[in-house]
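Engineer: Fold the following for me, if possible:
(4 chains)
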Protein chains: 2
Amino acid sequence: MNLPPLIQAFVLHFGEMGSRWGINRTVGQIYALLYVSPAPLNADQIVEALGVSRSNVSMGLRELQGWNLAIPKHVPDDRRDHFTTPGDVWEILRVLAEERKKREVDPTLSVLRELLMQAPASEEERHAQQRMADMHGLIEQLTNWYDDVKRLEAERLAQLLALGSRVARLVEATDKVVSLGRRKKKE
Amino acid sequence: MNLPPLIQAFVLHFGEMGSRWGINRTVGQIYALLYVSPAPLNADQIVEALGVSRSNVSMGLRELQGWNLAIPKHVPDDRRDHFTTPGDVWEILRVLAEERKKREVDPTLSVLRELLMQAPASEEERHAQQRMADMHGLIEQLTNWYDDVKRLEAERLAQLLALGSRVARLVEATDKVVSLGRRKKKE
DNA sequence: CTGGATTTTCAGAAATTACTGAAACTTCAG
DNA sequence: CTGAAGTTTCAGTAATTTCTGAAAATCCAG
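Structural biologist: As a prediction, this is how the structure comes out:
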């Protein structure tokens, strides 16, 4: 690997983290490299930069495309495919959330649904099913919230983030106003 | 493995998912088993239920304890350690979020901070640093929000979830009221 | 078509990670 | 203390995942 020290440190870190993340080292490194690169890179440039085999890069790029984290860009007068990452970090967040949900949450949700349909054959199973129902309920609440919130634009989402838990107070206050309103009507 | 079919299906699924989740099969299975079990289990019962080696269970339990996902419970008149999972699913969510943040986010945040301190040695590095700053900014916003929100109790958190993106509208409306208020003061 | 440039596939090698059984260690009742 | 019950450690093996180089496939200019 032959990269400026700052970039190399970043790339190596993403390689390391890759394993905690369910992607392999090379994929992590390729992503990091594309992310900080000022211009789209082709496979050979990546090979050169990271010092891994051509085929490894090919597979890595393919996986990143599967995650929508590497975007092929056509560079004029060059037959080779060049790749970038989505530019906006909010967009990246969105893509990551979407893909991780698809891989890590959705399968569990569907297994739970299936298991909850079955009739328990014993007290033990009845209890287990109750626990599964709890889990299912939580996941469903979370994914509904996510489906709802993901449609907000980055800017508005950022606003909400900035509010943090103060949003809770706001909701509380509004509750009061609303119930006050109701009270008035009733009177 | 010798378990009621419903429970077995659940346990096997968690084993499978384990790998997408950065934990290994056995750990996933142990967790699932404890989660649906009506009473705390000791290591031998887990060995029996899952058909894996005693030492494997020992290591698995230890890892789950590290995640705060297996809690040792003392059963009277029994020297052996018994284990459960946190009972409330919201509590589990909290624990998971906390641990994953610690393992997956915090290290990156600290590497980014460190790299952002260094002086770029070239235009290329300057650009890379800008990208890192973007990423750092996003992660910091997210973790600040998380630190803030995690203090809410389960119930209030559930309320917020239920609101979903409607919260955005609420914020918008409140903005208007506030700016209206300001306008009045200025006049 | 043909042939060179490029990418993908894939079988096996290399590396990593998970699992086991045996041995070491810990704990505590008697 | 002693030893039986229980737990952890660890070296070696098994299983899995990642990586490579060579070969096959694709793509397109001429």
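Engineer: okay, CA-based contacts and neighbour counts for the rest of this
Structural biologist: OK.
Engineer: Could you give the number of residues near residue A:41?
Structural biologist: Neighbour count for residue A:41, taken as other CA atoms under 10 Å in any protein chain shown: 19.
Engineer: Who are the contact partners of it?
Structural biologist: Counting by CA atoms under 8 Å, 6 or more residues apart in numbering or on different chains, residue A:41 makes contact with A:34, A:82-84.
Engineer: which two in the residues you listed are spaced the farthest apart?
Structural biologist: Using CA to CA, the pair of the contacts of residue A:41 lying farthest apart is A:34 and A:82, separated by 10.0 Å.
Engineer: more crowded one of these two?
Structural biologist: Between residue A:34 and residue A:82, counted using other CA under 10 Å, the more crowded position is residue A:34 (22 against 19).
Engineer: Can you mark which positions in whichever strand or helix holds residue A:6 are buried?
Structural biologist: If you go by DSSP states H and E, residue A:6 is part of helix A:5-20. Using 16 or more other CA atoms under 10 Å in any protein chain shown as the test for burial, helix A:5-20 gives A:6-8, A:10-20.
Engineer: So which of those reach chain B?
Structural biologist: Filtering these for proximity to chain B by CA under 8 Å from any CA of the partner chain leaves A:6-7, A:10, A:13, A:17, A:19-20.
Engineer: ok, back up a step: show me which of the contacts of residue A:41 is closest to DNA strand D.
Structural biologist: The nearest member of the contacts of residue A:41 to DNA strand D, counting by CA to the nearest atom of the strand, is residue A:82 at 13.5 Å.
Engineer: does the closest one really touch residue A:42, like I thought?
Structural biologist: Yes. Counting by CA atoms under 8 Å, residue A:42 is a contact partner of residue A:82 at 4.2 Å.
Engineer: re the thing from before, by how many degrees do the helix holding residue A:6 and helix B:5-20 diverge?
Structural biologist: For helix A:5-20 against helix B:5-20, the angle between stretch directions is 170 degrees (axes from the mean of the first three to the mean of the last three CA atoms, to 10 degrees).
Engineer: Which elements pack onto helix A:5-20?
Structural biologist: With contacts defined as 3 or more CA pairs under 8 Å, 6 or more residues apart in numbering or on different chains; DSSP states H and E, helix A:5-20 has these neighbours: helix A:25-36, helix B:106-117, helix B:123-149.
Engineer: Please repeat the previous calculation with a cut-off of 7 Å.
Structural biologist: Applying 3 or more CA pairs under 7 Å, 6 or more residues apart in numbering or on different chains; DSSP states H and E, one finds that helix A:5-20 contacts helix A:25-36, helix B:123-149.
Engineer: helix or strand right after the longest one?
Structural biologist: So that's helix B:123-149. Reading on from helix B:123-149 to the C-terminus, the next helix or strand found by DSSP H and E is helix B:154-163.
Engineer: for chain B, what are the nearby residues on chain A?
Structural biologist: Counting by CA under 7 Å from any CA of the partner chain, chain A comes close to chain B at A:6-7, A:20-22, A:36-38, A:89, A:104, A:115, A:125, A:127-128, A:131, A:134-135, A:141-142, A:145, A:148-149, A:161-162, A:164-165.
Engineer: give me that answer again for 6 Å
Structural biologist: A:20, A:22, A:36, A:128, A:131, A:145, A:148-149, A:161, A:164-165 (CA under 6 Å from any CA of the partner chain).
Engineer: Find the pair from those residues with maximum spatial separation.
Structural biologist: Largest pairwise distance in the residues of chain A next to chain B, by CA to CA, is 47.9 Å, between A:36 and A:128.
Engineer: Let's test this: name the helix or strand in chain A with the lowest mean pLDDT.
Structural biologist: None of the helices or strands of chain A scores lower by mean pLDDT, DSSP states H and E than helix A:166-186, at a mean of 65.
Engineer: mind checking pLDDT for the residue of chain A found nearest DNA strand C?
Structural biologist: Nearest residue of chain A to DNA strand C (CA to the nearest atom of the strand) works out as residue A:80 at 3.6 Å. In this model, residue A:80 is scored at 88, pLDDT.
Engineer: So what's the residue count around it?
Structural biologist: By other CA under 10 Å, neighbour count at residue A:80 equals 14.
Engineer: Please apply the same query to residue A:51.
Structural biologist: Neighbours of residue A:51 (other CA under 10 Å): 12.
Engineer: Surely it touches residue A:3?
Structural biologist: No. Residue A:51 is beyond contact range of residue A:3, at 10.4 Å (criterion: CA atoms under 6 Å).
Engineer: where are the low-confidence patches of chain A?
Structural biologist: Across chain A, the ranges flagged by pLDDT under 70 are A:174-187.
Engineer: Show me what from chain A comes close to DNA strand D.
Structural biologist: Proximity of chain A to DNA strand D (CA under 7 Å from any atom of the strand) is limited to residues A:19, A:22-27, A:51-56, A:79.
Engineer: Got a quick ChimeraX command for the buried subset of the residues you listed?
Structural biologist: A single ChimeraX command selects the buried members of the residues of chain A next to DNA strand D (16+ other CA under 10 Å):
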select /A:19,23,24,25,26,27
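Engineer: Can you lay out the residues of chain A next to DNA strand D as CSV showing distance to residue B:72?
Structural biologist: What follows is the residues of chain A next to DNA strand D, written out as CSV (distance: CA to CA, whole Å):
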residue, distance to residue B:72
A:19, 29
A:22, 29
A:23, 32
A:24, 34
A:25, 35
A:26, 39
A:27, 38
A:51, 47
A:52, 46
A:53, 47
A:54, 49
A:55, 48
A:56, 44
A:79, 61
